[in-house]
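Undergrad: Predicted model follows, preceded by the sequence.
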Amino acid sequence: MADSPAAAIHGRFGSTRPGHRPSRLGWWGALGWPGGFWRGAREGLSWRRCIAQGPGPFFPLQESGAVLVDVPFKVGALYHRRDEIHARFGGQRQGGISTPKDSPVVILFTGEAGATHGYHDFWDDDGLLHYFGEGQAGDMAYSGGNRAILNHDVNGKALLLFQMMGKGQPYRFLGEFQLAAAPYEMHGVPDTRGNPRKALVFPLRPVLHEVTPFEAAHVGEAANDGLEPDDTVGLRLGEVRKKQSLFRRRLIGVEKECRLTGVRDLRFLRASHIKPWAECGTAAERVDGHNGLLLTPTADLLFDRGWITFEDKGALVPSQLLPDDVVKRIGFSVRSGRKCGAFTPQQNLYLEYHRNQVFEKKLARSDDPVATLMETLDTQPGYPGR
């Protein structure tokens, strides 16, 4: 008799008690750690190929294995679901999980639209995405797309994640993911009709641990803050990068585009803290997605240096000290009172700090803020210069 889904999960990952996540040791054990991993490493295979082999003794993966799929999408870029995603891989063109029969991928979609069905995907502090399974009414079951996620490694399928950007809008590619631990049950989650039910949640780990598409951030500037001074530089930088990566991943679930230019492609945006990293009172503030904006490099410069800020309802507030030449040549409107979209209540708390402690305050601490602004803008992409 075939094993039940619960028994199969228990055998691969360890305990599946509702709400329980097995330790990382349990996950490595399910993969045949350490013997299978090191046997693969001795064969010259990458750790991704070794890990993706799955439970049991090690056997080399074929070139069609999930982690070796040639993904034709750029992380952070935008793609139309029908004409670019499904035209390439096939699969169902509606729903949150698409399972192309003849392609080596399972395609996942995340976004606020899922909230109507009780889906609330979220990132934990360890950098795992907790992805809710499919099923609009009644208890979720290990069938269809849910089974496809559970068995993606065994079936040689890569998990590709896309973010919904709004009805009729293209989708943002967030990268390739892997099942990192046993799925767990969450009870009392409302379905489409509002009735409580059992939901299945899949802890997913990004194959690329850092969010790389963003326009270069100033990692070094933040490395001196928040850690003990006797820590090594390497440790500080590693911890900062980990926290910044988590902040960026949470931010893109709050903000979709630059509010001043409308740019949505992450490759041309910066993840900007509203309350500066160095001034955050807790680690939670530093990784809070609501403590941030997605901005193009020039817009980020103006906001970070205190040349502009926002009111709670989204009205732009430029500094009276902003040079007329910059206003004319910067490439987007910095008109006072320009409507840039409302903020969340959590963002408003950070914006109050920005208005009181950053806006024009940094300018007062600079010896020659206008000269610094002009020199910096000359090096910014998209600024036409003189």
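TA: Looks like it arrived, so ask away.
Undergrad: Pull out the buried residues from the longest helix seen in the chain.
TA: Using DSSP state H, we find that the single longest helix of the chain is helix 233-251. Going by neighbour count (16 or more other C-beta atoms under 10 Å), the buried part of helix 233-251 is 236-237, 240-251. Placement of C-beta: from N, CA and C, glycine included.
Undergrad: Take these and lay them out in TSV including pLDDT and distance to A284.
TA: Output for these, formatted as TSV (pLDDT from 0 to 100; distance: C-beta to C-beta, whole Å):
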residue	pLDDT	distance to A284
R236	71	19
L237	76	21
V240	82	15
R241	84	18
K242	87	15
K243	91	10
Q244	91	14
S245	91	16
L246	93	11
F247	95	11
R248	95	16
R249	94	15
R250	95	11
L251	96	14
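Undergrad: got a list of what L161 touches?
TA: L161 makes contact with 108-110, 129, 131, 173-177, 204, according to C-beta atoms under 8 Å, 6 or more residues apart in numbering.
Undergrad: can you redo those residues as JSON lines with secondary structure?
TA: Listed next are those as JSON lines, based on DSSP: H, G, I helix; E, B strand; the rest coil:
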{"residue": "L108", "secondary structure": "strand"}
{"residue": "F109", "secondary structure": "strand"}
{"residue": "T110", "secondary structure": "strand"}
{"residue": "L129", "secondary structure": "strand"}
{"residue": "Y131", "secondary structure": "strand"}
{"residue": "F173", "secondary structure": "strand"}
{"residue": "L174", "secondary structure": "strand"}
{"residue": "G175", "secondary structure": "strand"}
{"residue": "E176", "secondary structure": "strand"}
{"residue": "F177", "secondary structure": "strand"}
{"residue": "L204", "secondary structure": "strand"}
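Undergrad: wait, which of these is closest to C280?
TA: When those are ranked by distance to C280 (C-beta to C-beta), L129 comes first, at 23.1 Å.
Undergrad: now the spatially closest residue to the closest one that is not a sequence neighbour: how far from N291?
TA: Distances taken as C-beta to C-beta, 6 or more residues apart in numbering put L204 closest to L129, at 4.6 Å, once the chain neighbours are dropped. Distance of L204 to N291, given as C-beta to C-beta, to the nearest Å: 24 Å.
Undergrad: Next: M164.
TA: 23 Å.
Undergrad: Comparing those two, which shows the higher neighbour count?
TA: More neighbours surround N291 than the other of M164 and N291, with 27 against 18 (other C-beta atoms under 10 Å).
Undergrad: Settle this for me: the more buried one is touching N348, isn't it.
TA: No - N291 lies out of contact with N348 (C-beta atoms under 8 Å); the separation is 11.2 Å.
Undergrad: Would you mind listing where the stretch 151-300 of the chain has pLDDT under the threshold?
TA: 209-235 (pLDDT under 70).
Undergrad: So L321 sits against L363, correct?
TA: Yes - if you go by C-beta under 8 Å, L321 and L363 touch, sitting 6.0 Å apart.
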